[in-house]
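Colleague: Here is my input; please provide its structure:
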Amino acid sequence: MESLIDEEALETVRTKQSRLLDFLLHKRCTRDALAELSVLVDTPFAVINFHGRVIFNNTGLRASALIEHWPWETRPIWLRIEGVPFLRKTLARGDTRVGNILFKDTRHTISAAEAELLAHVAGIVAMAIAVSPEPSTPDTDADSFARTLERYCTRELSLESVLEHAAHLGIAMPASPFCCALATHRGTRDAALSEIDLEPLVQHVAAFLHIDADSIVRFRIGPATLVIVPQPTGISAGTMRCALTNALDRCTGIPDRDNWRIAVSSRKSELRDLPDACDEAFDVARAAKGLGYKGAVFMFGEFEFVLLFEGATREHMARYTRSVLKSLPASSQPRDRKLMESLEAYIEHEGRVLEAASAIGVHKNTLAYRLDKLAETLGIDFSKTTDLLRVKLAFILLKILYRTELTQEPRAK
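Modeller: Numbers count the residues shown, from 1 in each chain. Below you'll find the predicted structure:
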C-alpha cells in the first residue's frame, strides 16, 4: 500500500513537470522559472551553461565554489563541493552539450526513481536555457578559431565546422597522430595568470621534437591552455614527457613557472578524437591534483587505471586492497613500512630493480630480499604479469582511498 502511494506521488510530480515543460518552452529561462522547478521537485540545484557561467543557483553555496572545477568531464557524476554532495547531470540537446546541472543531495541518498525524476528535470532545463547558435559562416578573426576548437572539444560543433573554419583562416590542423597537452596553473583563478602567453613553451617543445612550431595548435579552454602536438609513431609517450619537461625548465620568462602543470592525453590517430583527447587531459589534471601527485608533467598512461576505477565504492576498493596487500598498509611496524615502501617503488618503476632500489636509497640486493619476503607474505609471484597488475591496482586504489576528494561513491537505496 505504501509503495502504491509513493508511486502515485511520483506520478503527480511528473505531471507537474510536464506542465512546467510547456511553460518553459514558451518563455525565456528566467530565474523565477527555474526557482519554480526547484520547488516542484523539492531539490535545490545550480545551472551552469557551457561558458562556465552560473545562470541559476539556490543551493546556498557561492557561485565561485560551484565552478571551481569547471569544465566538468563525463566523470564523476557525484561531486563534493565545500563538503556538500551534489549529483551532476549533463544538459544536452540531442548530441549537443549545453551545460551542467548540479542537484544538491540534502538527504545523502537518492533512489533509482528519484534519479530518473532528476534526469527528467535536467531535460527540461536543457530545453529551456539559451544556447548560442552555431555560426553558418566562420569568422575571420584568428582568435575566434580558438573558440571554435573549444566548442568542438565540448561537442557543441561538428568536425566539419572546425575544418571549414581552419581552411578559411589558412590554419593547418594536425594530419598526423597527435596528443593534447593541457597547461594549467595552481593559481588559474587569478585572471592575470590565465592570460599568460605560453608561446615560449610551444617553441621549446617544437625544437625538442624537431617539428615545425606552426604545426602545434594552441588555444584556451576555460582558464587553461590546450596544446595539440603532433605525435608521429617515432615519438613515444616518454619522449613527449621529456619534451614538455624540458620546455618548462627552459621557459624562464613564464611567471611562477614552478606552479605550472601539464597533463597529456594518449596518442590519437584522427582529429575526430580531439574531444576525447581533451577530456583525457582534463581527467589527468584532475586526478593528479586530487591524488596529490608530485611533478610537472603527467601522462595519461599513468592514470588510466585511476580513471577506470575511481567510480568504485570505497567498500569495494578497501576490500580489494586487503585481498592483495593483506594487513600491510595498516601496519605501523617499521619492517612492514619498509616492505610497503619497497613494493611501491618496485611497482612505480615498472619492475626495474636498480631504479627502484636507487629511488628508496637501498642496495639492489636489499630490495631483492624484501621482494622475496613480500612474495612469501602476500602469496604473489613477481614473474607473473597478472600478479603485478593486481598489486599495481591495489596501490592505485589506496591512493584514491587516502585522497577521497577525487571520487565520490554513488549512493542509492
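
Colleague: could you point out which element follows the helix or strand bottoming out on mean pLDDT in the chain?
Modeller: In the chain, the helix or strand scored least confidently by mean pLDDT, DSSP states H and E is helix 191-194, which has a mean of 44. Where DSSP states H and E defines the elements, the next helix or strand beyond helix 191-194 is helix 199-209.

Colleague: same for that following helix, what does it pack against?
Modeller: Secondary structure elements in contact with helix 199-209, counted by 3 or more CB pairs under 8 Å, 6 or more residues apart in numbering; DSSP states H and E, are strand 224-230, helix 237-250. In short, each C-beta sits where N, CA and C put it, glycine included.

Colleague: buried ones in it?
Modeller: For helix 199-209, burial by neighbour count (16 or more other CB atoms under 10 Å) applies to 201-202, 204-206, 208-209.

Colleague: need those residues in a markdown table with pLDDT and distance to E315, can you?
Modeller: Below are the buried residues of helix 199-209 laid out as a markdown table (pLDDT from 0 to 100; distance: CB to CB, whole Å):
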| residue | pLDDT | distance to E315 |
| --- | --- | --- |
| L201 | 83 | 43 |
| V202 | 85 | 46 |
| H204 | 87 | 46 |
| V205 | 88 | 43 |
| A206 | 88 | 48 |
| F208 | 90 | 46 |
| L209 | 89 | 45 |
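
Colleague: So V362 is in contact with S342, correct?
Modeller: Yes: shown here, V362 and S342 form a contact pair, counting by CB atoms under 8 Å, at 7.5 Å.

Colleague: Which one of the two is surrounded by more residues?
Modeller: S342 (23 against 18; other CB atoms under 10 Å).

Colleague: what residues are up against the more buried one?
Modeller: 356, 360, 362, 367, 370-371, 374 (CB atoms under 8 Å, 6 or more residues apart in numbering).

Colleague: of the residues you listed, closest to S64?
Modeller: I360 (41.6 Å; CB to CB).

Colleague: how much space is there between that closest one and I380?
Modeller: 19 Å (CB to CB, to the nearest Å).

Colleague: Which of the residues in the strand or helix carrying R319 are classified as buried?
Modeller: Secondary-structure assignment from DSSP H and E places R319 in helix 314-325. Of the residues in helix 314-325, 317, 320-321, 324-325 count as buried by neighbour count, 16+ other CB under 10 Å.

Colleague: Mind putting these into a markdown table with distance to A394 and pLDDT?
Modeller: Shown next, in a markdown table, are the buried residues of helix 314-325 (distance: CB to CB, whole Å; pLDDT from 0 to 100):
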| residue | distance to A394 | pLDDT |
| --- | --- | --- |
| M317 | 9 | 82 |
| Y320 | 7 | 86 |
| T321 | 5 | 88 |
| V324 | 4 | 90 |
| L325 | 5 | 90 |
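
Colleague: okay if I get these as a markdown table plus distance to S161?
Modeller: Below are the buried residues of helix 314-325 laid out as a markdown table (distance: CB to CB, whole Å):
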| residue | distance to S161 |
| --- | --- |
| M317 | 42 |
| Y320 | 45 |
| T321 | 47 |
| V324 | 48 |
| L325 | 50 |
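
Colleague: State whether L274 and C179 are indeed in contact, as I suppose.
Modeller: No: counting by CB under 8 Å, L274 stays clear of C179, with 10.4 Å between them.

Colleague: and which of the contacts of S342 is nearest R155?
Modeller: A356 (41.9 Å).

Colleague: if I look at that closest one, how far off is E376?
Modeller: From A356 over to E376 (counting by CB to CB), the distance is 19 Å.

Colleague: Comparing those two, which residue is more hemmed in?
Modeller: Neighbour count, other CB under 10 Å: between A356 and E376, A356 has more, with 23 against 9.

Colleague: Now V98: which helix or strand?
Modeller: strand 96-104.

Colleague: next one: Y369
Modeller: helix 364-378.

Colleague: Just want the most central residue of the protein.
Modeller: In the chain, the residue lying closest to the centroid (CA atoms, centre = their mean) is D283, at 2.3 Å.

Colleague: For the residue nearest to A119 when sequence neighbours are not counted, give me the pLDDT.
Modeller: Distance criterion CB to CB, 6 or more residues apart in numbering; nearest residue to A119, sequence neighbours excluded, is K89 at 6.4 Å. K89 carries a pLDDT value of 87.
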